[in-house]
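1. kindly return the folded structure for what I paste below:
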Amino acid sequence: MKLFRALPILALLLRTLAPLGSTAEIHVSLSGNDTASGSPEAPLRSIQAAAERARPGDTILVAPGTYRERIAPPRGGSVGAPIVFRSLQRHKAIVKGSDLWEPHWNALSDSIWSAPVDPNLFTDTSHADGANPFEVPSSSTPRGREGRPESRRGNPKANPSIAYSLGQLIVDGSLFMQAASMEELQQEPGSWFYVPSTKLMYVHFFKGGPAGHTLEITTRRRLFAPHQRGLGFLEIDGFVFEHCGNQYPFQFAHPENTAWQQAGAVGTRSGHDWIIRNNIIRLANGIGLDLGSEGNRLSDLETPASKAPEPPGRHLVEGNFILNNGASGIAAYQAEGLVLRENIVLGNNAWGFRGDDRTETAGIKLHRPDNALIHHNYIAYNSGSRGLHFEGGAGENSTITSNLLVGQDVGIEFETGPAKPCLVANNVIVDNKIGISLRESGGITALHNSILGSDLCSLRISIDEKRPGNWSASDLSFLNNLFGGKGTLVEAPPKTSPRSENRSFDFNLYNEKPGDRRFKLGPASSLSFLQWQEGWKTLRKSPPAELPSHTIRSVASSFDPTTNRLILALSDDITPRHPVTRSPHVTADFFNVALPTATPALPGAFQQIKEGRNELQAWSGLAVPTRRSPWAQSK
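-> Have a look, this model is predicted:
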């Protein structure tokens, strides 16, 4: 290796011709030079320069510091010889899509200032719709508003004067809010407004002007994403990725919507067999991490355009923090074989996208993820959206186990898919408005889940027979679950149809006190548990539905996000009232405690609970960061 370090040009030639079994370490440091050898003593300056040199089996080691660049590997690794990008110290190598901004300022008032934005700052020219995110309009309107995009799509209530771009302004490490007009800027301290025709940025500071503040603006559209589609066997380990001027993916699969494709700050570009581990991905304008096809296979947001290979997927994503991204935290379109485990997905949909045609917001949004494993992730407080959202169905033979989902509109939603088999087991779903929602989707076997504190409904099954598509709501089983919600416990369609056959509820435990009517067979009905059982007789005659299930007077829960402890108070004995049953698919509980074999398993995700107060450490994995808004606040 010393000879290679002494002769970098010869080393590069030899490594190009070397067999796949040879490997090298390429070092990167802010003190380096991109013409150096890449040794520890003579590191490169940029991660991209290292990516250009790396061959299968090589490892790129990045020293602590802030790297303001887009990383676009020109090649992937191979089986047994991945190309590895690794931060030498976890979370100390920071890749930013922003640059420091130190323009000449002009004071308009004590706290409102303007400055020109130099077009030469925007050097990533690979996007078909432009390099400057401040001059790329958002496909959809955030902040729960109806604006110009929705007006052009025919929404009569939309205001065509409200428009947003993809840019970001960061002041002292926090985002300032984009104003939709100069009038709004004047009313909102901590905001900015950009005028494309004059290239001027207007900023409303909380007090005074820019003096004494560190300002950054987003100058890149992506942070880690190849230009070429379909690369495989890449690993990304231990980085921080933050700030990115990427798009909201509106109807991104339509070939005419190339500019709105699903492009994460970190993106696999229809690649396969990546490992994404131990990173922090935060504060993207759109999606944090995308893992599948970005849209239609024949259209490409990058130039020159390329056709996407299929199928993408087989990625391992573990131990990451996916935080405060503008739309979704993680997204994947038609990716197969995903493994997502031990991640914290928190505070996404930070921009507050809500309304018609703004369904690409979730902690994790997956489209038909066949053979996926979603295991033991903390998915919480993804504002106004879903924790886990599966569109096009849950994916054939997917498994969703032991996840903690807290504080979303919907904990888990399955939407418009075929009745392919999917297992949902041992999940703890707490304080969401709706615990589990199935909309024209089937194939779910839900075992041993604890659905607690739901404001509106613990389990909602809805069917719109007029909805287009090849969907089926058949083959649903809900077994040995604990329902402890505040609102309706279960809502289901009142009768079967060719698209909603073979549904069953057995061995579940519900909280119901005398006089409660917390079940619905149809939108207008409010039933007691006994009436619910009776109603099921017309839907399933053999074996009788819900007879082994039972109720207790109270299931009270309280989750503390600062300690991640769950208090679960049960008013009565919860010993099952049915014979020993055992699913071959689930052998342990949320805490990996083995289910009993000689006695019936307790309902829900925990086998070590009892009548009375139970105090449970619901999350003991990665340290959960303190929840805070990504937006700057007046001090």
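2. quick one: contacts for the closest residue to His375 other than its chain neighbours?
-> Spatial nearest neighbour of His375, excluding adjacent residues (CB to CB, 6 or more residues apart in numbering): Arg341 at 4.3 Å. To be clear about C-beta, it is placed using only N, CA and C from the backbone, and glycine gets the same treatment. Applying CB atoms under 8 Å, 6 or more residues apart in numbering, one finds that Arg341 lies in contact with Val317, Glu318, Leu373, Ile374, His375, His376, Asn377.
3. at 7 Å what do you get?
-> Applying CB atoms under 7 Å, 6 or more residues apart in numbering to Arg341 gives the contacts Glu318, Leu373, His375, His376, Asn377.
4. against Ser402, how distant is Ser299?
-> According to CB to CB, to the nearest Å, Ser299 stands 38 Å off from Ser402.
5. number of nearby residues for the nearest residue to Ser554 once chain neighbours are set aside?
-> Leaving aside its chain neighbours, Ser554 sits nearest to Ser571 (3.8 Å; criterion: CB to CB, 6+ apart). Here the count is done by other CB atoms under 10 Å, and Ser571 has 14 residues near it.
6. go on, Arg153?
-> 14.
7. and Ser37, that's in a helix?
-> No - judged by DSSP: H, G, I helix; E, B strand; the rest coil, Ser37 forms no part of a helix; its state is coil.
8. by mean pLDDT, point me to the weakest helix or strand of this structure.
-> When each helix and strand of the chain is scored by mean pLDDT, DSSP states H and E, helix 2-6 comes last, with a mean of 33.
9. the strands in the stretch 101-250 of the chain, which residues?
-> 106-107, 112-116, 169-171, 174-175, 177-178, 191-195, 200-204, 215-218, 234-237, 240-244 (DSSP state E, counting those that start in this stretch).
10. go on, the stretch 451-600 of the chain?
-> Using DSSP E, counting those that start in this stretch, strands in the stretch 451-600 of the chain cover 457-462, 476-479, 482-484, 488-492, 503-506, 509-511, 519-521, 550-552, 555-560, 565-570.
11. tell me which of those sits most buried.
-> Most buried of the strands of the stretch 451-600 of the chain by mean neighbour count (mean count of other CB atoms under 10 Å) is strand 482-484; its value is a mean of 27.
12. what bridges to the residue nearest to His375?
-> With DSSP bridges as the criterion, Arg341 is bridged to Glu318, His375.
13. distance-wise, check it relative to Arg86.
-> Taken as CB to CB, the span from Arg341 to Arg86 is 20 Å.
14. over to Gln617?
-> From Gln617 over to Arg86 (counting by CB to CB), the distance is 31 Å.
15. who has more neighbours out of those two?
-> Per other CB under 10 Å, whichever of Gln617 and Arg86 has more neighbours is Arg86, with 19 against 10.
16. residue contacts, that one?
-> Arg86 touches Thr59, Ile60, Leu61, Val62, Asp237, Gly238, counting by CB under 7 Å, 6+ apart.
17. how many neighbours does the third one have?
-> Applying other CB under 10 Å, we find 19 other residues in the vicinity of Leu61.
18. pretty sure it contacts His27?
-> Yes - at 5.2 Å, Leu61 counts as touching His27 under the criterion of CB atoms under 7 Å.
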